[in-house]
Every structure is written in C-alpha cells, then in structure tokens.
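# for reference, the sequence and a predicted model appear below.
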Amino acid sequence: MSRPTSQHHFLQSALTESVEHNRALPAEFYTSEALHQLELTKFFGVGWVCLGRTDEVQSVGDYFTASLLGEPVIVVRSGADQIEVLANVCRHRGMPVAEGRGNTKKFRCSYHAWTYDLDGRLRNAPMMNKPVPAVISADNAVAARALSDCRLPSIRSYCWGGFIFASLSAAETVANPETAKENCEGKQHVLADAAVDLKALQRDVGAYHMEEMALIGCFEETWDCNWKSLVENFMDAYHLSVVHPKTLRPLTPTNLCQKLSSGKHHTSYIANYTEAAPARDNHHPELTAEQCRQSRLFCIYPSLVASVSADTLAFFMLQPNGLDKVSVKWGLASFEQHLTEDQKQARIDKWRAINEEDHAILQRLQTGLRSSYYQGGVMAPEQFEGCVGDFHRALVTALLQ
Ligand code: FES
Ligand SMILES: [Fe+2]
C-alpha cells in the first residue's frame, strides 16, 4: 500500500519523540480515522488477537462465537487436544452456522441445513448428492467435486497460558511456533516473532501457571474510549495510587512497582504488595515466596492485557470498535479450583469496582485527548510508565512497516 509521505514523516517523528524524549503519543493517534485504519491493518490485522480462554471450550463440542476484527468466527474444541477457529459463514450462501455458545456434535446451518463437522468439514448438504437428470449431470459432477472438499475456512490459531489467539493473516496455520520462524515469510514473520517473543514473557509469568487456572467469570462490554487508552491505562503503574485509592493502593501502590521484560510483541511490570497485604495461600508450588507477594501485569500486543497473581488471573481481551469505543471481554480465572459461588462473586465484585474506576477515568480522558490543546507530555520514569512507552514504540514501529 502506498502511503502519503506526510503520514510516514509524522509516524517517524512520533517514534523519535517516543524513543528519544519519552513523550506520550500525539493527538492524531486518538482522533485520526486514517491512523485508526492503519492500526487495524498493520497492528491488529497481522497480529494474534486474543479471543478467549481454553476452558471456555473445555469438552469436545464446546464452542463460542466471536468477532475477530469484524469477521464472525466460531471457537470450538474439535478434539481433546484440538481447538479450531472457524469462519462462521456457511459455504452455501453465507448464513452464520452458529450463535452464542454451547456444546454440539455438528454445526447445522439454519437456512438450508448444510451441516459441518467440528473441524469445519462439510458433512451433509441435503438433496445435493442425489442423482440428477442426465441433462445437468456435468454440472452435478462439478458440484459434487466442489462439495467433497468443502469446509468452513479455518483461521490460524494458537494457545498460550490458557489463552486462545487467532490471526486473520492469510497464511497456513503455524502448527509449531518453535519452528515457525524459519518457515515464515512476509506477514507470517509477525506471527512467528510473536510466538518467539512469548518465550521471554513465559520466563517471567510461567511459574504462575495460568493455563491451570479455572475461569470464574467472563463479561463482554463496550468501553467508551480509544482502544489504546485502555492498553495504556492497564499497563500504567503511575495511576494506581491515584485512581484506585481504596481498591488497589492498599495492596499495590505505585511506589512499589517495578518494570519487567519487554519485546517486540509484549511488555510487562510487577506490582509488589505492601507488607500489610495478606499472603496468598493457594498457588502453584513453583512460585517463590517473593512471587506470591506480587501481581505481574503484561500486555501481548495487540489485544490482551492481564494481571496474574498467585491465586487470580484478571484479563482483558480487546478489539477496537471505532475511534472512541473498544469492545472488551474481561474475566477472571483462579488457581483454586473449588471456590464457592460467594467467593467467586466476591472476586468479580472486587474487579468490577476497579474496572468502574478505570472506565470513568478513560471516558473523561477522551475529552482531553480530542482537545486542540492536547500535546503528548513527558512520561514518568520507567518503573511507572515504561510499559506505556514500550507499547507506543511497538505500535508506531508496526505502523511504519
Ligand atoms: S446458507 Fe447455509 S445451508 Fe444455505
Ligand atoms: Fe486502573
């Protein structure tokens, strides 16, 4: 795609400001439709977008439907060790073949009853395999051939830490991220690089064993802010004590935060607990005593932010919904497998309160970001806003590709 030189210059200068002067992004990132479209193409369109947790589809046949950057998709467990992401578009005349979530043995289109196996293969197309008059037998042979290898398009997907990621990047599935790098070209590099980058994050959060944490609640919402504001806010230790004086400051005040690893596709920080904070008893045995007194917050670009502690994982999967709105699927998982309903509700209520504080701030922030007086200011030292700077640099670098 050819790009106006002025936009290229603008992005280069935004990158320079971010790298050399540690400044927040210019207003255009929050107001320009052209930049927003570029983000969708260059950051979301080629990256791994997080759609859900693996235990949302725990048993064979469990599925849920979702939107992947506007594309209707089905996430389904097609085998004990296999999760598929399929286009939710009937190969006959385009009807979505599944709705909501549930468990099924097959997907049956509600329009003309074509049915598909859990891996997307067409199982039956009523009345289309019957003998037909000789006069149209040639057409019928063509149709039979077309149907024999007909299937719902499979979208490349990848699981890590109990999260399910998918990418619209138009290439074959990366079956093995360990070896994907050598096999990939062009856009696929982004996906392979991301898988490799996750190894660094794995070293920092692997001991928490998120993949063993059980889902205790999951909610879909629309937040009234630019998608970047949500990422920035989640990865910003600087606001913790100010915006969350009752919910988070007693546990993880800003002054105890530390920067953690970052790479082309992720950034992370540690929120250490105060001495008064209660110990967390239920945790994976690999965790050190120090790790039990920390929450580790990370972002896997472009769409996942999460906070993991010894006993709880809180996650936000996000997709832009225009310049001023972001679709959010947030939820909690717990290392304790047998929480009572009251205990689950208490954790959900706690996080809902934190989210309400953040959402209120981000709604108001939009007004300032749209003002002609807004300028990206100097950001706080690395342990407080370093992750925000990491995110900005990764984003602008991707837009310049
Ligand atoms: S559109 Fe699905 S069977 Fe016709
Ligand atoms: Fe917050």
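Okay, I see it. Ligands and ions are numbered 1, 2, ... in the order given.
# which SS class is the residue nearest to residue 314 when sequence neighbours are not counted?
Ranked by Cβ to Cβ, 6 or more residues apart in numbering and with sequence neighbours excluded, the top spatial neighbour of residue 314 is residue 307, at 4.7 Å. All C-beta atoms are positioned from the backbone trio N, CA, C, and that covers glycine. Per DSSP: H, G, I helix; E, B strand; the rest coil, the secondary structure class of residue 307 is strand.
# quick check: beta-bridge partners of residue 307?
Beta-bridge partners for residue 307, by DSSP bridges, are residue 297, residue 314.
# quick one: it from ligand 1, how far?
The gap separating residue 307 from ligand 1 is 42 Å, by Cβ to the nearest ligand atom, to the nearest Å.
# what's the local residue count around that residue?
20 (other Cβ atoms under 10 Å).
# contacting residues for it?
By Cβ atoms under 8 Å, 6 or more residues apart in numbering, the contact set of residue 307 is 234, 271, 295, 296, 297, 313, 314, 315.
# could you rerun that using 6 Å?
Neighbour list for residue 307: 295, 297, 314 [criterion: Cβ atoms under 6 Å, 6 or more residues apart in numbering].
# how much space between the first one and ligand 1?
When Cβ to the nearest ligand atom is the yardstick, residue 295 and ligand 1 sit 46 Å from each other.
# same question, residue 67
Distance from residue 67 to ligand 1, by Cβ to the nearest ligand atom: 19 Å.
# tell me which element residue 392 falls in.
Element membership of residue 392, judged by DSSP states H and E, is helix 382-400.
# in that helix, which residues are buried?
By 16 or more other Cβ atoms under 10 Å, the buried positions in helix 382-400 come out as 382-399.
# could I get the contacting residues of residue 73?
66, 85, 88.
# of those residues, closest to ligand 1?
Closest approach to ligand 1 among these (Cβ to the nearest ligand atom): residue 88, at 11.1 Å.
# returning to that earlier point: filter the contacts of residue 307 down to the buried ones.
295, 297, 314.
# near ligand 1, which residues of the chain show up?
Residues of the chain found near ligand 1 (Cβ under 6 Å from any ligand atom) are 90, 92, 93, 94, 95, 109, 111, 112, 113, 114.
# one more pass at 5 Å, please.
By the rule Cβ under 5 Å from any ligand atom, the part of the chain lying against ligand 1 is 90, 92, 93, 95, 109, 111, 112, 114.
# now, of the residues you listed, which are buried?
Buried, going by 16+ other Cβ under 10 Å: 90, 92, 109, 114, out of those.
# ok, residue 150 - contacts?
Contact analysis of residue 150 by Cβ under 6 Å, 6+ apart lists 91, 122.
# now with 8 Å?
Counting by Cβ under 8 Å, 6+ apart, residue 150 makes contact with 91, 121, 122, 125.
# those in strands, which ones?
Among the contacts of residue 150, the members falling in strands (DSSP state E) are residue 122.
# identify, from the contacts of residue 150, the entry nearest to residue 335.
Residue 335 has its nearest neighbour among the contacts of residue 150 in residue 121, at 37.4 Å by Cβ to Cβ.
# for residue 147, see how far away the closest one is.
Distance of residue 121 to residue 147, given as Cβ to Cβ, to the nearest Å: 11 Å.
# fine by me, we can end here.
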